[in-house]
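>>> could you look at this predicted model? Sequence included:
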Amino acid sequence: MQLAGGNDVIIYPKPDHVPATFTVLNFPVKDVNLAVDELKKRGVRFEHYDLPNLKTDEKGIMRGNGPTIAWFKDPAGNILSVIDQAGTM
């Protein structure tokens, strides 16, 4: 798979794969809101959290507690995210 900017990522299946319980890959983006909207149009479902130190809004975006970020899972259950590339949104 090739990412924006020409960066390559290799992903391969593993028969006994167990998804991690933490974020394994962050995709830095200029605008988390726009990235979430575009990915939702393509069928991506974002995670929603309502924990003491981890709360997401109705779009699945966490704001104001570190960088703006939204988490989703790949087909194998790994947790991925789109995250504000500047770390300040």
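Now that the structure is in, tell me what you want to look at.
>>> in this protein, which segments are predicted with low confidence?
Residues of the chain meeting the criterion pLDDT under 70: 1-4, 88-89.
>>> if we use 90, what do you get?
For the chain, applying pLDDT under 90 flags the ranges 1-15, 17, 20, 65, 75-76, 86-89.
>>> show me the strands in this protein, by range?
Secondary structure of the chain (DSSP state E): strands located at 23-29, 50-51, 54-55, 61-62, 69-73, 79-84.
>>> skip the chain neighbours and tell me the closest residue to residue 49.
residue 56 (5.0 Å; CB to CB, 6 or more residues apart in numbering). C-betas here are computed from N, CA, C, even on glycine.
>>> my read is that the one you found contacts residue 65, right?
No. When contacts are counted by CB atoms under 8 Å, residue 56 is not listed as touching residue 65 (10.0 Å).
>>> neighbour count: the two, which is higher?
Taking other CB atoms under 10 Å, residue 56 and residue 65 do not tie; residue 56 has more neighbours (18 against 10).
>>> can you give me phi and psi for that one?
phi -110, psi 160 (degrees, to the nearest 10).
>>> got CSV for the strands of the chain, with distance to residue 7 and mean neighbour count too?
Formatted as CSV, those follow (distance: least, CB to CB, whole Å; neighbours: other CB atoms under 10 Å):
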stretch, distance to residue 7, mean neighbour count
strand 23-29, 11, 15
strand 50-51, 32, 7
strand 54-55, 28, 12
strand 61-62, 24, 21
strand 69-73, 19, 20
strand 79-84, 15, 20
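>>> for this structure, what spans make up the helices?
Using DSSP state H, the helices found in the chain span residues 32-41.
>>> middle-most residue in it, spatially?
The centre of the chain sits closest to residue 81, judged by CA atoms, centre = their mean, with a distance of 1.4 Å.
>>> now do the contacts for it.
For residue 81, the contacting residues are 23, 25-27, 69-72, by CB atoms under 8 Å, 6 or more residues apart in numbering.
>>> including distance to residue 9, could those residues go into JSON lines?
As requested, these are arranged in JSON lines below (distance: CB to CB, whole Å):
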{"residue": "23", "distance to residue 9": "15"}
{"residue": "25", "distance to residue 9": "8"}
{"residue": "26", "distance to residue 9": "12"}
{"residue": "27", "distance to residue 9": "10"}
{"residue": "69", "distance to residue 9": "19"}
{"residue": "70", "distance to residue 9": "19"}
{"residue": "71", "distance to residue 9": "18"}
{"residue": "72", "distance to residue 9": "16"}
